[in-house]
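Asker: take this sequence and fold it.
(one chain, ligands or ions: 1)
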Amino acid sequence: MFDEFSIYDVMSLVGLDLSKIHSSQGNFDCPICGGKKKLNVNVSKGHGGVCRCAKCGAGGDKLDLYLLFQNPHLVSVRSKSESDYYRPSEEDREQGLKELARILHIQRKDPTFRAKVITAKQAADTAAPQKAIASAEQRNAAYTALLKQLRLSAPHREALHQRGLTDTDIERIMFRSVPMFGRTVIAQKLVEQGINLENVPGFFKVAGENGKLQWSIFCPNPGYFVPIRNKDGLIVSMQIRLNKATTEKTKYLFFSSGIDTLTDGISATGEVHIERGEEPPRIICITEGPIKGYVSRSLYQRLTGRDDLALFCVVGTTNYGKIRGILESYLEQYPVEKVVEIYDFDKFTNPYVSRDRDHLEQLLREVILKMRKKLRPQYEDGKPLPMYISFPEERYKGKGIDDHLLALYLEAHDNCLPCEAETD
Ligand SMILES: [Zn+2]
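Answerer: All right, here's what the predicted structure looks like:
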């Protein structure tokens, strides 16, 4: 039965607009959490299509898509994939498959239903094949060259000062304001420098005066760039901190050009930002968002005089899967004493964040246990045993680790920000 229906059949049944599928995917309102356009449906991935909500993590295959609209019992799936899913239970799936067969048997007699499904399927089949994103090295070269062309506006600098960063930090990290004019000219300068912009998220092509296509930059909304660096320090992705946040959740956008209307653009991928000190890390904190990482490391250094803190910063609380491999290699290489989960304070109030936090904790404990066995000789030799800590409610002095450390810093320095102490 599973192969006898398509994801288009399901979409038609549950009332998702088939014409919203472009380049094999579309975003719809999530029936589980109500997130606007958070449910991503990809018709070409997996076995006949997949879906997943970016907000609550609900998703699965084409059968699960049907069931998400039937108020299912969701179970967590710990797969090899880098993000967790919450999919309908096996009982619900069994039941759902029978129900689908019965309904489709009736629906397919309706010619308009069939025509809609066939048109959508043809449109998707003829869509361009998915491109591969540029390598980390190529992205780093393009983003670094771009940031070097840009400046940071005074209000943006002031906002970063207020978060606890100094001008030295800001220069090192390369925060820059999004250019509001001359974006195609800037892209041309990069091309002249020999930078390859092919398949780098954020870049796309526009027709120049002579009608010839040339590279440009897609960042229509004012704000500033926040580089996301991988474990090797390469800028593999960027966020844009928007000037005007509409809601708490849309303060940040990825620098991305994977929109149907943009020629030769490509979507950004989720990455974990790694921020670490110069010394071998003894403390690892897992938190949310790259700015928190940058700010926290800098403040920790000023507060303690040590530079042995590493921060793994996820973008979105469900996207902690990539941490597994990074944490394993850190435990192997460094004398890590503490692994601290310090998601934002809403882990105590928001049920989705709370659930994601629980699963992150499970992952961290698993990795620590595994490495304790694997590295037993090292530990017997005196390497400190890593301990897991979940940052407790009563100790938060702010919303996140950055606010927490800033509060401690201000207490210790007569309410003077670090930028006020920087003399050079
Ligand atoms: Zn959802």
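Asker: can you get me a residue count around residue 27?
Answerer: The local packing of residue 27 (other C-beta atoms under 10 Å) involves 16 other residues. Yep, even glycine has a C-beta here, placed from its N, CA and C like the rest.
Asker: and the gap between residue 261 and residue 389?
Answerer: 47 Å (C-beta to C-beta, to the nearest Å).
Asker: out of those two, which sits in the more crowded spot?
Answerer: residue 389 (13 against 7).
Asker: how about the more buried one, secondary structure?
Answerer: strand (DSSP: H, G, I helix; E, B strand; the rest coil).
Asker: so who does it touch?
Answerer: Shown in contact with residue 389 (C-beta atoms under 8 Å, 6 or more residues apart in numbering): 338, 339, 340, 341.
Asker: who's the third one bridged to?
Answerer: The reference is to residue 340. residue 285, residue 389 (DSSP bridges).
Asker: that one against residue 296, yeah?
Answerer: No: using C-beta atoms under 8 Å, residue 340 is not in contact with residue 296; the gap is 10.9 Å.
Asker: now do the shared contacts for those two.
Answerer: Common contacts of residue 340 and residue 296, defined by C-beta under 8 Å, 6+ apart, comprise residue 285.
Asker: those two: who's more crowded?
Answerer: Per other C-beta under 10 Å, whichever of residue 340 and residue 296 has more neighbours is residue 296, with 25 against 18.
Asker: the more buried one: helix or strand, and which one exactly?
Answerer: helix 290-304 (DSSP states H and E).
Asker: partners of the helix or strand just after that helix, with directions?
Answerer: Next along the chain after helix 290-304, taking DSSP H and E as the criterion, comes strand 309-314. Counting by DSSP bridges, the strands paired with strand 309-314 are strand 273-276 (antiparallel), strand 283-288 (parallel).
Asker: what does this protein have sitting close to the ion?
Answerer: 30, 32, 33, 35, 53, 55, 56, 58 (C-beta under 5 Å from the ion).
Asker: out of the residues you listed, who's nearest residue 193?
Answerer: Among the residues of the chain next to the ion, residue 55 lies closest to residue 193 (C-beta to C-beta), at 39.5 Å.
Asker: which members of the contacts of residue 389 are the farthest-apart pair?
Answerer: The most widely separated members of the contacts of residue 389, counting by C-beta to C-beta, are 338 and 341 (10.6 Å).
Asker: isn't residue 207 up against residue 213?
Answerer: Yes: in this structure residue 207 lies within contact range of residue 213 using C-beta under 8 Å: 5.9 Å.
Asker: could you report the neighbour count for residue 332?
Answerer: Using other C-beta under 10 Å, residue 332 is surrounded by 12 other residues.
Asker: which SS class is residue 253?
Answerer: Under three-state DSSP, residue 253 falls in the strand class.
Asker: per-residue pLDDT, it?
Answerer: Looking at residue 253, its pLDDT reads 90.
Asker: now it: closest residue in space that isn't a chain neighbour?
Answerer: residue 240 (4.9 Å; C-beta to C-beta, 6 or more residues apart in numbering).
Asker: relative to residue 182, how far out is the one you found?
Answerer: Taken as C-beta to C-beta, the span from residue 240 to residue 182 is 17 Å.
Asker: okay then, goodbye and thanks.
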